[in-house]
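In: make a model of this:
(one chain, ligands or ions: 1)
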Amino acid sequence: MPFDLVLRNARLPERGPEPVDIGVLEGRIAAIGARLGPALRSEDAQGRLVLPGFVDSHIHLDKSCILDRCTAEGALSEAIAEVARLKRDFSEDDVYARAEATLVKAILQGTMRIRTHVEIDPRIGLRSFKALKRLQRDYAWAVDLELCVFPQEGLLNDPGTEELLVEACKGGAELIGGCPYTDSDPVAHVDRIFAIAGRFDLDIDFHLDFDLDPSWMHLDAVIAATERTGWAGRVAVGHVTKLSALPPDALTAIGNRLAAAGIAVTVLPATDLFLMGRKQDHNVPRGVAPAHRLAELGVTCSLATNNVLNPFTPFGDGSLNRIANLYANVAQLGRKAEMLCCLDMVTASAARLMRCADYGIDIGKAADFVIMDATDSAYAVAEIAQPLMGFKRGIQTFERAAARLIRP
Ligand SMILES: [Zn+2]
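Out: Okay, the predicted model is just below:
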C-alpha cells in the first residue's frame, strides 16, 4: 500500500547526519528511513531541518491586535487598566477577527499547538471564550488550540467572576489559570483556582510573580497548594520575573523546589523585557527569568509569545523561533548546546509542559512537521530561519517561498 505522503530527504538531527524519508499513513507517521516506497504525494525537503511543529504554551489571542485602540505606554498596571477599559466593547465577532489574524500568523510561522489564555470576568463575560471556542473548531485542521480561562483582574475582589469561570469550565475550557498579583487576597485566589481545577479535573497555568522584588513570592503558595492537592505535573507558572532578581544559590534552591513539586515554568521574554524595570532610567534590568538554568535543574520550561500588538507587548509576528533567538540573545547564550536548549523550549519541552502525548517525529505519532530553511538546529535559532512548509496530521497547512536574490 502506498503512503499518503512521503517527505523525502528530511534532516532529523536525532537520527544521525544523513537525511531520511518520513512516510505518512492516515495522518500518522508510519515509517522513517532511507528511500521509502511509493506515495500518493511526495515532497522533497532537500536535506533541510524538519521539526515537529512549534508549540506556543502561552499566548493571549483574545486581546491581540488592539494597539490602534490604546494610549497606555509603560507599566504593567497601565496595560491591565487599558485592556479592562477596552474589553467592555469587545464583541464576540471582534475577538474572533483579531484572534484569527494572530492565529494565522502563528500557523504561518510553523506553530501547531497553542495554549491561549482567555480573560473571564463580568466586563467581558463569556464573549471571548465563545469566540475562541469557534476559532478552535474552525482551525482544528491546522493547529491544536487549548483554552485556559483565567481572571486577569483578580477573583476575590471581582464579584461574579468565579461564577463565570465555572460556567466556562462547564462549557469546555481545557484549563484554568490564575493571576494572584491582581487580587486583593492572592493566597485565597491561588486556593480558589486549585479548588475549581479539582472540581473539573483541569490542569492549571498561573500568571505569577510578575515584578522584580524577590523578597516575597506567590510561588510559595502555588508550591504548597500543588503538594497539598497532588497536582504535581499539572501546574505551570508564567513570567515569574522575580526569579531573574535572585542570586545563583537562591535560584538553585527555588529551581530544586519547582522540579520536586512538578511545577513547570513559561518565560515570556518579549513582554518581560518590555514591562520590567520601568522605574529605572539607566542600567535597566532585563527582568527575564533564567529558564535555561531552571531547565538544567530538571524544571520543565518553555519560552512563549504571550502578547501580540497590545499594551503589554506592542510587537509580535507569532514566530516562536524569533522568541527563542530573543531569549538566547538576552540570556547571553551563544554556545551550540545553549541554542539547542532554546529551540527545545519552543518545541519538545513546551510540548511536555502542555502534556502533549502525541508530539515528536516518531513512528505512530501525529504527522505534524515543519520544514525549516536551515540544515542545522543551532543555526536555525541563531539565524531565525524561516519555516518553508508545514503539515498537520499529514495535510499541508502552509507554504512560504524562500527569499531569492535577483542579480542584475
Ligand atoms: Zn500571559
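
In: so residue 70 is in contact with residue 313, correct?
Out: No - Residue 70 is beyond contact range of residue 313, at 11.5 Å (criterion: C-beta atoms under 8 Å). Where you see a C-beta, it was placed from the backbone N, CA and C, and this is true even at glycine.

In: neighbour count: those two, which is higher?
Out: residue 313 (23 against 18; other C-beta atoms under 10 Å).

In: how near is the nearest residue to that one once chain neighbours are set aside to residue 66?
Out: In space, not counting the residues next to it along the chain, residue 313 is nearest to residue 307; the distance is 3.8 Å by C-beta to C-beta, 6 or more residues apart in numbering. Distance, residue 307 to residue 66, by C-beta to C-beta, to the nearest Å: 10 Å.

In: pick out whichever of the two has more residues nearby.
Out: Shown here are residue 307 and residue 66; by other C-beta under 10 Å, residue 307 has more neighbours (27 against 20).

In: just checking, that one touches residue 60?
Out: Yes - taking C-beta under 8 Å as the definition, residue 307 is a contact partner of residue 60 at 5.4 Å.

In: looking at the chain, which helix is longest?
Out: helix 92-108 (DSSP state H).

In: contacts for that helix?
Out: Residues from elsewhere that reach helix 92-108 (C-beta atoms under 8 Å, 6 or more residues apart in numbering): 56, 59, 61-62, 64-66, 114, 116, 127-128, 130-132, 134-135, 138-139, 142-143, 145, 305, 308-309, 316-318, 387, 390, 397-398, 400.

In: are we agreed that residue 56 is in a helix?
Out: No - looking at residue 56 with DSSP: H, G, I helix; E, B strand; the rest coil, it is strand, so not inside a helix.

In: let me know the pLDDT of it.
Out: On the pLDDT scale, residue 56 is placed at 98.

In: in the stretch 301-408 of the chain, what residue spans correspond to helices?
Out: Taking DSSP state H, counting those that start in this stretch as the criterion, the stretch 301-408 of the chain carries its helices at 320-330, 336-344, 348-353, 377-382.

In: tell me which of the ones you listed sits nearest to residue 298.
Out: helix 348-353 (11.5 Å; C-beta to C-beta).

In: what is the closest one packed up against?
Out: For helix 348-353, the packing partners by 3 or more C-beta pairs under 8 Å, 6 or more residues apart in numbering; DSSP states H and E come out as strand 54-59, strand 263-267, strand 301-303.

In: let me have those in TSV, extended by mean neighbour count and distance to residue 184.
Out: As requested, the helices and strands packed on helix 348-353 are arranged in TSV below (neighbours: other C-beta atoms under 10 Å; distance: least, C-beta to C-beta, whole Å):
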stretch	mean neighbour count	distance to residue 184
strand 54-59	28	25
strand 263-267	27	24
strand 301-303	31	30
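
In: quick one: contacts for the residue nearest to residue 313?
Out: Applying C-beta under 8 Å, 6+ apart, the residues contacting residue 307 are 59, 60, 63, 64, 270, 271, 313, 316.

In: repeat that for residue 355.
Out: With the criterion set at C-beta under 8 Å, 6+ apart, residue 355 makes contact with 203, 233, 234.

In: lowest-confidence helix or strand of this protein?
Out: Of the helices and strands making up the chain, the lowest-confidence element is helix 76-86, at a mean of 88, by mean pLDDT, DSSP states H and E.

In: need the next SSE after the strand or helix carrying residue 271, C-terminal direction.
Out: Using DSSP states H and E, residue 271 falls within helix 269-275. Toward the C-terminus, helix 269-275 is succeeded by helix 291-296 as the next helix or strand (DSSP H and E).

In: pull out the buried positions in that next one.
Out: Judged by neighbour count using 16 or more other C-beta atoms under 10 Å, the buried positions of helix 291-296 are 291, 292, 293, 294, 295.

In: what mean pLDDT does it get?
Out: Helix 291-296 comes out at a mean pLDDT of 98.

In: other SSEs contacting it?
Out: helix 248-261, strand 263-267, strand 301-303, helix 336-344.

In: which ones are touching residue 237?
Out: 205, 206, 207, 208, 209, 219, 222, 263, 264, 265, 266.
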